[in-house]
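**Student:** the following block contains a protein sequence and its predicted model.
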Amino acid sequence: MTWQRPSCIARAFRSAQINFQLEPHSFRQPCLSTGTTYLRPQQRSLSTPAEHQPEITAAPPIDTTKLKTTPQRILPASPAYFTGTPKFIDHVLKLEHIHSKYFLLPTVPPGEAPRTAFLKHADYKNAINEEVPAAKYRQLQKILSRLNQIQPDRVPQEVKDILKSFMRPGDPYQQKLAPKRLDEMGRARGVGRRKTSHARVWLVEGEGEVLINGKNIVQVFPRVHDRESALWPLRATNRLDKYNVFAITRGGGVTGQAEAITVALGKALLVHEPAMKPILRKAGCISTDPRQVERKKHGHLKARKMPAWVRR
């Protein structure tokens, strides 16, 4: 029914003509220029022929004797190298190891242990050239004290050696001071201090004469309390009329100078009569008073006195 229309017949004829014109061009071979070389893809073989395969053999054995034993990095001599105080840490670890090794040995009470003077904190820091806090050094001294409390007849040689390395040179507990003696003129010399005052006293047997800085004691110490304080060692031992006193004192005030003479006179009297030591010690004549004057603070009237508080 569709072919009955003239427009349909014309459309079918035109499409057939177009297909006939395009048919020879679709099967035409491409024309290559003379200057262009056509390369065909070559067939490659991934397999290797048997005659070209190399002979496979095992690797030679490794000679371990020729290996380098030197590490690539330089290792520190101590495990505590990267700490702030490697030498101190090494000492602590060594002492703890020795203490744990001989922990079961019998010990004695601290009062019965041999008296040993270990290095002071400043001397120890100078010896190892490291800044060691005082609290940490006290921990090291505690370990040394525990090792020192081992029963003397059971102390191993290793413990003796380690304790000896920490002892102070010239142990003061092992050295005995030479006793003081009178000089060629029969005088005994004593030195004393109190606050900022210091005094030197020469004591010789005599009739009870007292000279201080070349003057009479009354001129130097007008107060009776200061005069009695200066001559208190002779008064406590009832020796006022048996010795002559020559003193030189400097610094401080009147009371400080009088108490400095007290200590110096007591020490000089011990040279003449060593048996008087218990009496003089009980009387407080040979002990230096370490107290010092407290400084004045800003905002205070004196060292501790403050002005009266006012509301407004």
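**Tutor:** In hand now; what should we look at? The structure presented is a predicted model; accordingly, all values stated were derived computationally and were not measured.

**Student:** dump stretch 141-155 to PDB, keeping only the CA atoms.
**Tutor:** C-alpha atoms of stretch 141-155 as PDB (Å, rounded to 0.1, in the frame of the first residue of the first chain):
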ATOM      1  CA  GLN A 141      75.900   7.900 100.000                       C
ATOM      2  CA  LYS A 142      73.000   5.800 101.400                       C
ATOM      3  CA  ILE A 143      74.200   2.800  99.400                       C
ATOM      4  CA  LEU A 144      77.800   3.400 100.500                       C
ATOM      5  CA  SER A 145      76.600   3.500 104.100                       C
ATOM      6  CA  ARG A 146      74.700   0.200 103.700                       C
ATOM      7  CA  LEU A 147      77.800  -1.400 102.300                       C
ATOM      8  CA  ASN A 148      79.900   0.100 105.200                       C
ATOM      9  CA  GLN A 149      77.500  -1.600 107.700                       C
ATOM     10  CA  ILE A 150      78.600  -5.100 106.600                       C
ATOM     11  CA  GLN A 151      80.100  -7.000 109.500                       C
ATOM     12  CA  PRO A 152      83.900  -6.100 109.500                       C
ATOM     13  CA  ASP A 153      85.100  -9.700 109.500                       C
ATOM     14  CA  ARG A 154      82.800 -10.600 106.600                       C
ATOM     15  CA  VAL A 155      83.500  -7.700 104.200                       C
END
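
**Student:** give the buried residues for it.
**Tutor:** 143-144, 146-150, 155 (16 or more other Cβ atoms under 10 Å). (Glycine included, C-beta is placed from N, CA and C.)

**Student:** quick one, strands of this structure?
**Tutor:** Assigned by DSSP state E, the strands in the chain fall at 188-194, 197-205, 210-212, 215-216, 243-250.

**Student:** I'd like the mean pLDDT over the shortest one, please.
**Tutor:** Put plainly, it is strand 215-216. Averaged over strand 215-216, pLDDT sits at 95.

**Student:** contact partners of it?
**Tutor:** residue 210 (Cβ atoms under 8 Å, 6 or more residues apart in numbering).

**Student:** return the subset of the buried residues of stretch 141-155 lying in helices.
**Tutor:** 143-144, 146-148 (DSSP state H).

**Student:** can I get these in a markdown table with distance to residue 56 and pLDDT?
**Tutor:** A markdown table is the format used below for these (distance: Cβ to Cβ, whole Å; pLDDT from 0 to 100):
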| residue | distance to residue 56 | pLDDT |
| --- | --- | --- |
| 143 | 66 | 96 |
| 144 | 69 | 96 |
| 146 | 70 | 95 |
| 147 | 68 | 96 |
| 148 | 73 | 95 |
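
**Student:** quick check, nearest of these to residue 115?
**Tutor:** Distance to residue 115, by Cβ to Cβ, is smallest for residue 148 among those, at 9.1 Å.

**Student:** how about the helices in the stretch 151-300 of the chain?
**Tutor:** 157-165, 217-220, 224-230, 232-236, 254-272, 277-283 (DSSP state H, counting those that start in this stretch).

**Student:** for the buried residues of stretch 141-155, which one is nearest residue 269?
**Tutor:** residue 148 (37.5 Å).

**Student:** from the buried residues of stretch 141-155, which two are the most distant?
**Tutor:** Top of the distance list for the buried residues of stretch 141-155 (Cβ to Cβ): 143 and 155, 15.0 Å.

**Student:** residues contacting the residue nearest the centre of the chain?
**Tutor:** Central residue of the chain (Cα atoms, centre = their mean): residue 132, 0.5 Å from the mean position. Neighbouring residues of residue 132 by Cβ under 8 Å, 6+ apart: 85, 88, 121, 124-125.

**Student:** hmm, back to that, mind putting the ones in helices among the buried residues of stretch 141-155 into a markdown table with distance to residue 171?
**Tutor:** As requested, these are exported to a markdown table (distance: Cβ to Cβ, whole Å):
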| residue | distance to residue 171 |
| --- | --- |
| 143 | 19 |
| 144 | 14 |
| 146 | 19 |
| 147 | 16 |
| 148 | 13 |
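
**Student:** show me which of these is closest to residue 113.
**Tutor:** Closest to residue 113, out of all of those and judged by Cβ to Cβ, is residue 148, at 5.3 Å.

**Student:** test my guess that the closest one contacts residue 112.
**Tutor:** No - the pair residue 148 and residue 112 fails to qualify as a contact (Cβ atoms under 8 Å) at a distance of 11.0 Å.

**Student:** look at residue 280 and say how many residues are nearby.
**Tutor:** Counted by other Cβ atoms under 10 Å, the residues lying close to residue 280 total 21.

**Student:** what of residue 159?
**Tutor:** Neighbour tally, residue 159, other Cβ under 10 Å: 19.

**Student:** same deal with residue 218?
**Tutor:** Neighbour tally, residue 218, other Cβ under 10 Å: 11.

**Student:** from residue 212, how far off is it?
**Tutor:** 10 Å (Cβ to Cβ, to the nearest Å).

**Student:** before we move on, what about residue 201?
**Tutor:** Taken as Cβ to Cβ, the span from residue 201 to residue 212 is 9 Å.
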